[in-house]
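S.K.: sequence and predicted structure below; questions after.
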Amino acid sequence: MQDMNHADQVAATRAIINILDTWGAKDSDQVEILALPRGTPSRAVRRYRHDTPLPDSAAVMERVEHVVGIAEALRTTYPRNAQMGPLWMQEPNRRFGDRSPLRTILDDGLGGLIAVRCHLDCTFAWDCNAGA
């Protein structure tokens, strides 16, 4: 995001927070999902919704990339019903040990983000498995 101007960084941050809100992630969950700096209070998410860009750290940007990838995969999986993606993120799934995808992300961190994205996006999963 460092190549963007401030207004574009804020707009991108709002879009990421909106995705997480749509999935039903609480503010404290969003701090965890995005790997925001240690000690970031959950109330800081309010600033990200309005006028503060996300920190430009490698850990945060890696997670943002996966959140965007999951959101895009949900849009292509459920192209006719925008409510299905957020519903899918909340429902228990056998693939994740009967945990919801959101719970998997919260429990497993970056590994959970990658597992959910691999499950939804076969091209991403192919790239992950190509090096194995």
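M.R.: Thanks, I have it. Numbers count the residues shown, from 1 in each chain.

S.K.: spit out the contact partners of A35.
M.R.: 57, 59-60, 63, 109-110 (C-beta atoms under 8 Å, 6 or more residues apart in numbering). The C-beta positions use only the backbone N, C-alpha and C, and glycine is treated the same way.

S.K.: which pair in these spans the largest distance?
M.R.: Pairwise distances among the contacts of A35 were taken by C-beta to C-beta; the largest, 15.0 Å, belongs to S57 and G109.

S.K.: just to revisit the earlier point, list buried residues within the contacts of A35.
M.R.: Buried by 16 or more other C-beta atoms under 10 Å: 60, 63, out of the contacts of A35.

S.K.: need the contacts of A35 in CSV with distance to E72 and secondary structure, can you?
M.R.: Converted to CSV, the contacts of A35 look like this (distance: C-beta to C-beta, whole Å; DSSP: H, G, I helix; E, B strand; the rest coil):
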residue, distance to E72, secondary structure
S57, 22, coil
A59, 21, helix
V60, 19, helix
R63, 15, helix
G109, 21, coil
L110, 18, helix
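
S.K.: state the pLDDT value of the spatially most central residue of the chain.
M.R.: Centroid-nearest residue in the chain, with C-alpha atoms, centre = their mean: V67, separated by 2.6 Å. Looking at V67, its pLDDT stands at 98.

S.K.: that one contacts Q30, doesn't it?
M.R.: No. Counting by C-beta atoms under 8 Å, V67 does not reach Q30; the two are 9.7 Å apart.
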